[in-house]
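Asker: Curious how this folds, go ahead:
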Amino acid sequence: MKGPSAYLATWNHGSAGRAALLLLVTHLGAVAVAWGAWALFLLPAFYDDRLLPAIGSWLFALTASLWLMLRFGFWGTVATRGVGHGEELLATFSPGRAVAVGLLRWALQIVMIAGVFGAAVLVSVDGRWWHLVGTAETRALGDRVAAVPIPADWELDRTEKGDDGGNHHPNLRYWLTYDVPTTYDFDDLRAWLADPAWADNPAGASFGALRVVSCDRADQTCRAQLVPPPGDPVEHFVRAELRPPAYDGDAAEVDLQVTYRQYVEPHWEVDHRVVARGRAIPVPADWVPDDEDASDNDAGQYFTRSFGVPSTYTGADLRAWLTGPDFTAPATGRPFGAVTLDECRAMDADTVRCAATVDGTWWTDGYGIERARDWVEATLRTDDHTVRLSFRRTD
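Answerer: Numbers count the residues shown, from 1 in each chain. The predicted structure is shown next:
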């Protein structure tokens, strides 16, 4: 068995340059492996399992640190009570070169330990590159928040900054709580979000044009979006909630959330043709796109989009849209194709659900029963003025 510093002592043949090169390769190589593992563990396959990658990263960090220090030596420190290891390595060089190689070894050990354990920490917390350096959008979000047109009689009570709970895309969220007059009501909140001052603030910098997605009077909340440039996805979101005074004499509160979330096309669970077909459904111009979802179950493959609709929108309007000309002769874009309305019925006092089959998609199964392959389903909620629109493929 070779001694602790045998790798350096035998390989360098008395050359300080070779010793320095070996130190660089081994110590920086360990850092490269640790950060390469961090990059590997960012893949979607590890989204739901952080325990095993975290354990492996910590074991590698500990093993690499101990192995390199035992093989190449280290100077005595307070942590080792002044006891060094492998000092015979330095005896193979002249005094000046021995000090230089020793200093390089000491510096590389600091870099190596910080590097491998830093990568282990990031793997454990599912840290991403934007957590370290941010993006142009996250760095600019503070200025955008400062441009929110806050009414003069609101008083900032507290503020907080953090992520939106998702680690798979660059994101940032500001939470701000304001004390507002007790006479402030939900209609005032909705009117404030529709104020033109968001897009053109005469008092200074402007936040940008805002469009309201939905308002739920029961929850006293409204959701809105920053209108993106044409063709770009929505990436900035605003949520406002009005809270009445907890006690007599207290002020009412408005909780304001301003979020940036970079849009990244999800890995859908359904066939890409189902996604494309669902997105091809022509929706009315006054519907505000919200989010998208997909699922695959026994009933078929679903691609679902959510929209905010005008507060005056009714179940009769939904029926009229499904039976109108938009599917075959839309005002803009390519026609989707004719559909036949099967039913529209009230699910409860606030919900209307309609289903239609897509013409020309009927087929006969192995039992000789004719079935529809493609469906369009739409659910209107009048309490928060939203529509969930699904395209379903059953085969």
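Asker: shouldn't Arg319 be in contact with Cys344?
Answerer: Yes. When contacts are counted by CB atoms under 8 Å, Arg319 is listed as touching Cys344 (4.8 Å). (Each C-beta comes from the backbone N, C-alpha and C, glycine too.)
Asker: joint contacts of those two?
Answerer: Common neighbours of Arg319 and Cys344, counting by CB atoms under 8 Å, 6 or more residues apart in numbering, are Cys354.
Asker: can you give me the strands for the protein?
Answerer: 155-162, 171-180, 210-216, 221-226, 236-243, 252-261, 288-297, 300-308, 339-348, 351-358, 362-364, 370-372, 374-381, 386-393 (DSSP state E).
Asker: Okay, now the unreliable bits of this structure?
Answerer: Scanning the chain with the threshold set as pLDDT under 70 gives 1-14, 74-95, 365-366, 368.
Asker: quick one: buried residues of the helix ranked longest in it?
Answerer: The helix of greatest length in the chain, counted in residues with DSSP state H as the criterion, is given as helix 95-125. Residues of helix 95-125 classed as buried under the neighbour-count rule (16 or more other CB atoms under 10 Å) are 97-98, 100-102, 104-105, 108-109, 112-113, 115-120, 122-124.
Asker: other SSEs contacting that helix?
Answerer: Here helix 95-125 touches helix 16-40, helix 51-72, going by 3 or more CB pairs under 8 Å, 6 or more residues apart in numbering; DSSP states H and E.
Asker: Quick one: residues in contact with the first one.
Answerer: So that's helix 16-40. Helix 16-40 is touched from outside by 7-8, 11-12, 46, 53, 56-57, 60-61, 64, 68, 72, 89, 93, 97, 100-101, 104-105, 108-109, 111-112, 115-116, 119-120, 122-123, 127, with contacts defined as CB under 8 Å, 6+ apart.
Asker: Turn the helices and strands packed on helix 95-125 into TSV, including mean neighbour count and distance to Glu235.
Answerer: Formatted as TSV, the entries for those read as follows, by neighbours: other CB atoms under 10 Å; distance: least, CB to CB, whole Å:
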stretch	mean neighbour count	distance to Glu235
helix 16-40	16	24
helix 51-72	16	29
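Asker: Any idea which of those helices gets closest to Glu137?
Answerer: For the helices and strands packed on helix 95-125, proximity to Glu137 was assessed by CB to CB; helix 16-40 is nearest, at 22.1 Å.
Asker: The closest one vs helix 51-72, what angle?
Answerer: Here helix 16-40 runs at 170 degrees with respect to helix 51-72, directions being taken by axes from the mean of the first three to the mean of the last three CA atoms, to 10 degrees.
Asker: Just to check, Arg223 is in contact with Arg239?
Answerer: Yes. Counting by CB under 8 Å, a contact exists between Arg223 and Arg239, whose distance comes to 5.2 Å.
Asker: who's more crowded, the two?
Answerer: The residue with the greater number of neighbours, taking Arg223 and Arg239 and applying other CB atoms under 10 Å, is Arg223; the counts read 21 against 17.
Asker: Counting neighbours, what do you get for Asn171?
Answerer: Neighbour count of Asn171, defined by other CB under 10 Å: 22.
Asker: Quickly note the distance from it to Asp164.
Answerer: With distances defined as CB to CB, to the nearest Å, the gap from Asn171 to Asp164 amounts to 5 Å.
Asker: which residues do the two both contact?
Answerer: Residues touching both Asn171 and Asp164 (CB under 8 Å, 6+ apart) are Thr259, Arg261.
Asker: In JSON lines: the helices and strands packed on helix 95-125, plus distance to Arg392.
Answerer: Conversion of the helices and strands packed on helix 95-125 to JSON lines gives the following (distance: least, CB to CB, whole Å):
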{"stretch": "helix 16-40", "distance to Arg392": "37"}
{"stretch": "helix 51-72", "distance to Arg392": "37"}
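Asker: among those, which is nearest Trp362?
Answerer: Nearest to Trp362, of all the helices and strands packed on helix 95-125, is helix 16-40, at 47.7 Å by CB to CB.
Asker: Leu380 reaches Ala346, doesn't it?
Answerer: No. If you go by CB under 8 Å, Leu380 and Ala346 don't touch, sitting 9.8 Å apart.
Asker: so what sits against both of the two?
Answerer: Taking CB under 8 Å, 6+ apart as the criterion, Leu380 and Ala346 both touch Gly315, Val352.
Asker: So between those two, which is more surrounded?
Answerer: Between Leu380 and Ala346, counting by other CB under 10 Å, Leu380 is the more crowded of the two (25 against 11).
Asker: partners of the closest residue to that one other than its chain neighbours in the sheet?
Answerer: Once its chain neighbours are removed from consideration, Leu380 has its nearest residue in Val352; the separation is 4.6 Å (CB to CB, 6 or more residues apart in numbering). Counting by DSSP bridges, Val352 forms beta bridges with Ala346, Leu380.
Asker: Please apply the same query to Ser390.
Answerer: Per DSSP bridges, the residues bridged to Ser390 are Thr304, Glu377.
Asker: list the contacts for it?
Answerer: So, once contact is read as CB under 8 Å, 6+ apart, Ser390 ends up touching Gly278, Tyr302, Phe303, Thr304, Arg305, Trp375, Val376, Glu377, Ala378.
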